[in-house]
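J.: Predicted model and sequence follow; I will ask about them next.
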Amino acid sequence: MNRLVSRHGWVMGLVVMLLVLAALAKLLQADFGFSGLESLARAALPFAFATAGMAIVIIAGGIDLSIAAVMAVVSVTAAVLMTGTNETEAVLVVVFVLVLGLAMGALNGALIVVTRVPDIVVTLAMLFVWQGVALLILNAPGGAAASWLRSLIVGGTTLPGVSPGLTGWLPKAIVFLIVCVAVIWIPIRRSKLGLMLYSIGSDRVAAFRSGVPVGWVRIAAYALAGLFAALGGLAVTMSTGIGEPIPGPYLLASVAAVVLGGVVLGGGRGSILGPILAVFVLRLVRLDLTLLAVDPNVTVIIEGIIMVVVVMIGAVLMTRTARQ
């Protein structure tokens with residue numbers, strides 16, 4: 001038990017925090033039930049995908065400031081291409097935008113590796129590039145999403161032969177998130193690539209001397225971030241039914257969730273589970289503040305303060321880790 005707590009204590013703490021905040025929401029609003037949970041899950045879905053992508057890059061010792069802009073490009077591309085399509089064509093559009101996100105992330109990584117310019121500078125520049133691309137594709141919210149695609153994240157989960165009462169309480173958005181993250185990350189985490197991602201985050205020089213192709217692994221990290229960003233952009237289109245060309249507030253929120261989830265900003269330590277749980281913690285904080293009738297402007301200020309404090313704590317932990 002002690003070993004379990006020592007290895008997963010941070011995640012367990014986040015689970016406890018999540019349960020406490022959910023209980024507080026139920027206490028503040030007695031009728032808070034499935035509909036509230038389902039709305040929360042759909043609202044958190046784009047943030048969760050952005051956070052998963054950011055976590056991978058930070059674990060590998062980098063950072064991606066363009067992740068929200070990549071999501072915007074994918075969102076508008078999917079919405080524009082899906083307008084007037086049938087189900088088969090919509091599937092092809094989904095595949096295309098996922099590959100597009102992967103390619104955009106790989107391009108970010110390649111520019112960092114080839115130019116040897118710091119990650120933060122390159123991705124900041126690419127943020128403006130991808131913002132411009134999104135606005136060129138669609139200069140105002142619009143387009144459409146396939147009905148079957150929207151149905152993947154709306155409502156509760158039902159299983160064949162199982163009573164809806166036993167499974168209907170679980171929002172489809174959470175199931176969609178779990179399936180996507182598991183299919184992409186678990187095989188990578190258990191592969192040689194997963195080990196190399198952690199190794200270059202821990203000590204890039206030592207990894208290079210051990211034969212790790214550092215440049216290619218960094219490109220792979222950004223490509224995976226781009227893939228998760230594509231899923232996040234697709235989630236935006238799925239939940240709203242239209243494309244959003246203006247990047248949402250996913251950048252700082254994803255960094256805060258990554259740090260709150262136990263990933264060290266310097267890289268090499270952490271997982272994806274913690275940051276995703278942290279996303280729901282932060283969304284529940286917002287919900288509880290809303291239920292407490294806190295002024296929306298004050299709510300934004302409180303959220304900003306929480307994010308800044310979390311990021312600062314992460315920076316302090318990173319500094320202490322570097323000194324050890």
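T.: It's in.
J.: surely residue 283 meets residue 48?
T.: No - judged on CB atoms under 8 Å, residue 283 makes no contact with residue 48 at a distance of 9.2 Å. C-beta here means a position set from N, CA and C on the backbone, and glycine is covered the same way.
J.: Give me the more crowded residue out of those two.
T.: Neighbour totals were compared for residue 283 and residue 48, and residue 48 leads with 31 against 21 (other CB atoms under 10 Å).
J.: Next secondary structure after the helix or strand hosting the more buried one?
T.: Secondary structure from DSSP states H and E places residue 48 in helix 34-59. For helix 34-59, the succeeding helix or strand toward the C-terminus, using DSSP H and E, is helix 67-82.
J.: continuing past that following helix, what's the next helix or strand?
T.: By DSSP H and E, the next helix or strand past helix 67-82 is helix 87-115.
J.: tell me what that following helix is packed against?
T.: In terms of contacts (3 or more CB pairs under 8 Å, 6 or more residues apart in numbering; DSSP states H and E), helix 87-115 is packed against helix 67-82, helix 119-137, helix 147-151, helix 214-240.
J.: is it possible to export those helices to JSON lines including mean neighbour count and mean pLDDT?
T.: Formatted as JSON lines, the helices and strands packed on helix 87-115 follow (neighbours: other CB atoms under 10 Å; pLDDT from 0 to 100):
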{"stretch": "helix 67-82", "mean neighbour count": "28", "mean pLDDT": "94"}
{"stretch": "helix 119-137", "mean neighbour count": "18", "mean pLDDT": "94"}
{"stretch": "helix 147-151", "mean neighbour count": "13", "mean pLDDT": "85"}
{"stretch": "helix 214-240", "mean neighbour count": "26", "mean pLDDT": "94"}
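J.: Can you check which of these gets nearest to residue 254?
T.: Residue 254 lies closest, by CB to CB, to one member of the helices and strands packed on helix 87-115: helix 67-82, at 6.4 Å.
J.: Give me the angle between the closest one and helix 119-137.
T.: Interaxial angle of helix 67-82 relative to helix 119-137 (axes from the mean of the first three to the mean of the last three CA atoms, to 10 degrees): 20 degrees.
J.: Any regions of the stretch 151-300 of the chain where pLDDT drops low?
T.: Judged by pLDDT under 70, the stretch 151-300 of the chain has its weakly predicted residues at 158-168.
J.: all strands of it, in order?
T.: Counting by DSSP state E, counting those that start in this stretch, one finds no strands in the stretch 151-300 of the chain.
J.: Tell me which stretches of it form helices.
T.: For the stretch 151-300 of the chain, applying DSSP state H, counting those that start in this stretch gives helices covering 164-167, 172-189, 192-202, 204-209, 214-240, 250-260, 273-291, 296-323.
J.: Let's have those helices in TSV, adding distance to residue 139.
T.: Below are these laid out as TSV (distance: least, CB to CB, whole Å):
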stretch	distance to residue 139
helix 164-167	42
helix 172-189	29
helix 192-202	37
helix 204-209	41
helix 214-240	16
helix 250-260	20
helix 273-291	29
helix 296-323	26
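J.: Quick one, which of the ones you listed gets closest to residue 98.
T.: Minimum separation from residue 98 across the helices of the stretch 151-300 of the chain (CB to CB) falls at helix 214-240, 4.9 Å.
J.: so how far is that closest one off the chain centroid?
T.: A distance of 9 Å separates the centroid of the chain from that of helix 214-240, by CA atoms, centre = their mean, to the nearest Å.
J.: And it, what does it pack against?
T.: Helices and strands touching helix 214-240, by 3+ CB pairs under 8 Å, 6+ apart, are helix 34-59, helix 67-82, helix 87-115, helix 147-151, helix 172-189, helix 192-202, helix 204-209.
J.: Which one, of those helices, ends up nearest to residue 274?
T.: Among these, helix 34-59 comes nearest to residue 274, with 8.3 Å by CB to CB.
J.: Could I get the average pLDDT for that closest one?
T.: For helix 34-59, mean pLDDT is 91.
J.: helices or strands up against that helix?
T.: Counting contacts by 3+ CB pairs under 8 Å, 6+ apart, helix 34-59 packs against helix 67-82, helix 172-189, helix 192-202, helix 214-240, helix 250-260, helix 273-291.
J.: For residue 28, which of those is the nearest?
T.: helix 273-291 (4.0 Å).
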